[in-house]
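Student: 3D, please:
(2 chains)
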Amino acid sequence: MTQALDEIKIGGLGSSRKRVEDSRFIRGKGNYVDDIVLPGMLHMEILRSPLAHARIKSIDTSRAWQIPGVHLVLTGEMMATRNLAWMPTLSYDTQAVLATDKVRFQGQEVACVIADDPYIAKDACEAIDVDYEPLPVIVNPEQAVADGAPVIRDDKENQADNVIYNWEVGDADGTERAFAQADVISRLRLHYPRSHPSPIECCGSIADFNRATSKLTVYMTTQAPHIIRAAVALVAELPEHMIRIVSPDIGGGFGNKVPVYPGYVASILASILLERPVKWIEDKTGNLISTGFARDIYLDGELALRKDGKILGVRMHCDADHGAFFSDAQPSKFKIGLLHSSFAAYDIPFGHITARGTYSNKAPGGVAYRCSFRVTEAMFFQERMIHAAAADLGMDQAEFRRMNLVRDDQFPHRTPFGFLLDSGQYGKCLDVGLKAIGYQDFRAKQAEARARGRLLGLGISTMTEPLGAGNSREYDILGIKMFDSAEIKVHMTGKAIVRTGARTQGQGHETTWAQIVAHELGIPAEDVVVEEGDTDTAPFGMGTYASRSTPVAGAAVAMAARKIRAKARQLAAHLLEVSEEDVDWELGRFYVRSAPDRGVTIQECAMAAYSNMPDGMEPGLQNMSFYDPPNLTWPFAVYIVTVEVDQETGVWDVTNMVAVDDCGVRINPMIVEGQIMGGLTEAYAMSNMQFITFDADGNCVGSNYMDYLLPTAWETPGFELHSEVVTPSPHHPIGAKGVGECAAVGGPAAFVNAVMDAISDTGVRNIDMPLLPDRVWEALTERHDVSGAPPVRSDG
Amino acid sequence: MTLIEQEQAEPAGEVPERRITVTVNGARATAVVEPRLLLSHLLRQGLRLTGTHMGCDTSNCGACTVLVDGTPVKSCTMLAVQADGHEITTVEGLATQSELHPLQEGFREEHGLQCGFCTPGMMMAAKALLDRNPEPTEEDVRWALSGNLCRCTGYQNIVKSVLWAAEKLRA
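Tutor: Sure, this is the predicted structure:
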């Protein structure tokens, strides 16, 4: 008898194979956009507005033109002659490419210089004289809707105020009745501060228009090259087949590299005008003050509670500050993303959410920063409200959750906002987490410490995240349905190449897609090469964000492989001289059911596809699949943190953190754990130090890494990860659910809840993130809630 | 190193220039540079050693870390003229033709990188640590890397990678 292949040995599902992409990165041989040099290439720099809101009286570029080495100075007026001063956003709004009438946020793009080298281009930017007439500034929703507020978007017809949308979902009447029956109503108001995804690599592009071929090639930092190709076709009015977008290695994305930015568009126009390659590499301040922010939502939340702890209903109102342009990249049906995934993990009969979006004099925001659309806010609001409700009822935090979480026998579970949860073992995850943290022991230790004046706290966050949009029935961006694709070509010697419409930015697709092929076809992962990011060769896809890759593109890889296996079966039957029905499959091999020793390997089938196919069969062994997921996938996680708060300083330290992630089947456990640790670190960062705020004049506080604090190896705590609970997705081809973002989504509330638990004696209900020492100290000493909403004082 | 001559072939107007000589990864290179040219730009554009990345321009992220006479330096805030006469090691100088440096192996073995952008700087900062302290504790490693930012990994595996390399170097 031949032995079946060992799936782990060939690098299939569950193998922690070392990453393929590392081999170039550890040698310093990655190929990021700034590493690319084209012959005759020029360099572009952007002049940005120093003011948050001002009328442009004049722009004088004459001194800039005189600097030797300057080839072109672009202004909004020049863009307008090509109808490119404004561009559409991914949320049916418009956004200025280069300002013409007004600047609407600090850092807005006003002019561009294209020169021989970046130093000259920067010199020339400084030689541009712009005369501004300052206007009143709006930095929060309250100011946006106040009487007499200046209208920020006076460029838009029919826009008489600063409101972008009013949106609602749920059952208002049912929720009203639930609240009427409540014994206790628990209320919480808070602000989820602005944050910036801030990959270490900033955005950039090299546009290369070739007049001889009419082809435009753009190398750029994009998580979604095909969407960019479509956007460029529409905005620049170029034929789509003459546009090639290449996304080379990307130095982190986290949602920051999904939108279309003015720098990309300006570099494209400059290349068309100059007929030379034009490179634009953003500096860090440009990245932090002008590109895709995230969060910035105000919550007014209420839970209707029965005395025994049962949640009867939930009501939320959210005010979202979108900045000067509504440029979220999100499904078009849902104005505030998937905020209504809030409370999905809890069995609550009634819910109602209202949301209002407003403009402000801040950079356009609302990207899905390491999360599915607005889900980070949804889960943070949920877990902060759950924490407050348990405290209001005087119930144990763990028991209150257990009582209300969806039970295993309730799946599939329909939430009050219409989602259908696929599967989960929530109670088991909670048990694993509580045991790992030593819950009962900690509570005893906490009481003892408190008696001696030390403040220990424990915070829990139990969350699910809707991943992998679409299905295409409900999810589209600008009308383009959200599905994804993969193509597999098996060469005659049994080696293969996989291409997908996704784009890896550190997630390790080059390693994991090959593992899916190994699982489906038995071709060793090391015999499979993966290629992504070039729209001329990759099949159409919606890109990598919102944890879509494994749920959608990864599924497409599996489905394409299954089509190949189906053809290989025909080839096997031909080679074995039996009918197809008599052939069975084991990993890597077809065999005759009645004589298992008689078999052919997948490699032999591949050779036959090119050299010995049956009469009438189309030669070759390749196929592709467009995968339109039947539902979202719903991983579940429990994050538990313990902290100690210093009463004298307000400083808090993490003493322990436990993460239990049930993300379904793990393709590569090593990579999954890497993703979880990265997410937990971002969660810690947001709760502890990382935020972007503004003073009353709209100056961005956090415009560089000296002010925008990111944790280093020194501050970042250790994490204990648990993978005991595995609930495969019932509808995903390999049972995976996606994992890259759960920890960043669910983590922040665990940290905040831990600090709130430590200072519960003060009666303080909320401190806005980040829980900076001065905020915690203020809560401890003044015994009131501490808001972090802008404007901040500009004197300190 | 003729590339430098080409790079400098189009001087822009009345720009002051300085002639400098640096030794990079063991090879001497002479260049005529503007006094304001950053060391990172000399390495990346002049010498085409693009493994040294630029992340933040303010010495915070450490992606551009190189060794100057063995000391870790953020090359985005050192002028090329300041490197005149000095020895520089970049990530491209870690491996030999046939062998990876234990740090490079360690980062792969312990999954110490994801997007790879911070990795060269991390490895150079770690090399400086291991050169002076062959037996670092976890705390030593965390402190030595506290001038380098990573947004993907959460550092835990980076620390393990460096400890892996330290052990291999001791063996």
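Student: neighbours of the residue in chain B that chain A sits nearest to, just the number please.
Tutor: Going by C-beta to the nearest C-beta, chain A is nearest to residue B:51 of chain B, at 1.9 Å. In this view, the C-beta of every residue, glycine as well, is placed from N, C-alpha and C. Taking other C-beta atoms under 10 Å in any protein chain shown as the neighbour definition, residue B:51 ends up with a count of 26.
Student: how about residue A:728?
Tutor: Other residues lying near residue A:728 total 15 when counted by other C-beta under 10 Å.
Student: run a quick neighbour tally on the nearest residue to it once chain neighbours are set aside.
Tutor: By the measure of C-beta to C-beta, 6 or more residues apart in numbering or on different chains, the closest residue to residue A:728 outside its immediate chain neighbours is residue A:735, 2.9 Å from it. Burial measure for residue A:735: 17 neighbouring residues, criterion other C-beta under 10 Å.
Student: can you pull the contacts of residue A:357?
Tutor: Listed by C-beta atoms under 8 Å, 6 or more residues apart in numbering or on different chains, the contact set of residue A:357 reads A:163-165, A:167, A:319-320, A:322, A:326, A:335-336.
Student: helix or strand for residue A:750, which one?
Tutor: helix A:742-758 (DSSP states H and E).
Student: cool, residue A:205 as well?
Tutor: Per DSSP H and E: residue A:205 is located in strand A:204-210.
Student: just the angle between the next helix or strand after that strand and strand A:204-210, please?
Tutor: Under the assignment DSSP H and E, the closest C-terminal helix or strand after strand A:204-210 is strand A:215-220. Inter-element angle recorded for strand A:215-220 and strand A:204-210: 170 degrees (by axes from the mean of the first three to the mean of the last three C-alpha atoms, to 10 degrees).
Student: what's near enough to touch residue A:182?
Tutor: Residue A:182 is in contact with A:304-306, A:312-313, counting by C-beta under 8 Å, 6+ apart.
Student: helix, strand or coil: sort out it for me.
Tutor: At residue A:182 the chain is in coil, as set by DSSP: H, G, I helix; E, B strand; the rest coil.
Student: name the nearest residue to the closest residue to chain B within the stretch 351-500 of chain A, sequence neighbours excluded.
Tutor: Nearest to chain B, among the residues of the stretch 351-500 of chain A, is residue A:370, at 9.4 Å (C-beta to the nearest C-beta). Nearest residue to residue A:370, sequence neighbours excluded (C-beta to C-beta, 6+ apart): residue A:744, at 4.1 Å.
Student: would you check that the one you found makes contact with residue A:679?
Tutor: Yes: with contact taken as C-beta atoms under 8 Å, residue A:744 and residue A:679 are classed as touching, separated by 4.0 Å.
Student: can you pull up the most central residue in chain B?
Tutor: residue B:66 (2.6 Å; C-alpha atoms, centre = their mean).
Student: list the contacts of it.
Tutor: Counting by C-beta under 8 Å, 6+ apart, residue B:66 has contacts B:39, B:43, B:52, B:72-73, B:75, B:88-90, B:124.
Student: mind redoing it with 10 Å?
Tutor: Contacts were defined as C-beta atoms under 10 Å, 6 or more residues apart in numbering or on different chains; by that measure residue B:66 touches B:24-25, B:39-40, B:43, B:49, B:51-52, B:72-75, B:78, B:83, B:88-91, B:93, B:120-121, B:124-125, B:128.
Student: ranges for the helices of chain B?
Tutor: B:2-7, B:39-41, B:102-109, B:119-132, B:138-144, B:156-170 (DSSP state H).
Student: count the residues that sit near residue 20.
Tutor: Answering for chain A, as no chain was given. In terms of burial, residue A:20 registers 20 neighbours under the definition other C-beta under 10 Å.
Student: my question was about chain B, not that one.
Tutor: Residue B:20 has 22 neighbouring residues, counting by other C-beta under 10 Å.
Student: so it bridges to which residues?
Tutor: When bridges are called by DSSP bridges, residue B:20 pairs up with residue B:31.
Student: now it: how far from residue B:88?
Tutor: 11 Å (C-beta to C-beta, to the nearest Å).
Student: any residues in contact with both of these two?
Tutor: Shared contacts of residue B:20 and residue B:88 (C-beta under 10 Å, 6+ apart): B:29, B:42.
Student: okay, domains of chain B per the record?
Tutor: Domain assignment for chain B, taken from automatic domain parsing, gives B:16-93, B:102-170.
Student: possible to save those domains as TSV with mean pLDDT?
Tutor: Formatted as TSV, the entries for the domains of chain B read as follows, by pLDDT from 0 to 100:
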stretch	mean pLDDT
domain B:16-93	97
domain B:102-170	98
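Student: quick check: which of those is buried the most?
Tutor: Greatest average neighbour count among these goes to domain B:102-170 (a mean of 23), per mean count of other C-beta atoms under 10 Å in any protein chain shown.
Student: which bits of the stretch 251-400 of chain A sit near chain B?
Tutor: On the criterion C-beta under 10 Å from any C-beta of the partner chain, chain B has as its neighbours in the stretch 251-400 of chain A the residues A:251-254, A:256, A:281, A:283-288, A:370.
Student: if you skip the residues just before and after it, what's nearest to residue 30?
Tutor: Going with chain A. The shortest distance from residue A:30 to any residue other than its chain neighbours is 4.5 Å, reached at residue A:249 (C-beta to C-beta, 6+ apart).
Student: um, chain B though
Tutor: Across the structure, with C-beta to C-beta, 6+ apart as the measure, the residue nearest residue B:30 apart from its sequence neighbours is residue B:21 (4.8 Å).
Student: residues in the stretch 401-550 of chain A within reach of chain B, list them.
Tutor: The stretch 401-550 of chain A comes close to chain B at residues A:504-508, as judged by C-beta under 10 Å from any C-beta.
Student: what is the neighbour count of residue A:611?
Tutor: Summarising burial for residue A:611: neighbours were counted as other C-beta under 10 Å, giving 9.
Student: what's the spacing between it and residue A:274?
Tutor: 51 Å.
Student: quick one, phi/psi of residue A:52?
Tutor: Main-chain dihedrals, residue A:52, degrees, to the nearest 10: phi -80, psi -30.
Student: and whatever residue of chain A ends up closest to chain B, how many neighbours does it have?
Tutor: Closest contact between chain A and chain B, by C-beta to the nearest C-beta, is at residue A:28 (1.9 Å). Residue neighbour count, defined by other C-beta under 10 Å, stands at 24 for residue A:28.
Student: next, it: phi, psi?
Tutor: Dihedral angles (degrees, to the nearest 10) for residue A:28: phi 70, psi 30.
Student: quick check: closest non-adjacent residue to it.
Tutor: residue B:51 (1.9 Å).
Student: the one you found is in contact with residue B:91, isn't it?
Tutor: Yes: counting by C-beta atoms under 10 Å, residue B:91 is a contact partner of residue B:51 at 4.0 Å.
Student: mutual contacts of the two, please.
Tutor: Going by C-beta under 10 Å, 6+ apart, residues that sit against residue B:51 and also against residue B:91 are A:25-29, B:66, B:119-121, B:123-124.
Student: near chain B, which residues of the stretch 651-796 of chain A?
Tutor: Those residues of the stretch 651-796 of chain A that sit near chain B, judged by C-beta under 10 Å from any C-beta, are A:668, A:670-671, A:673-685, A:704-719, A:721, A:740, A:743.
Student: now, which of these lie within helices?
Tutor: Among those, the residues falling in helices (DSSP H) are A:670-671, A:673-685, A:743.
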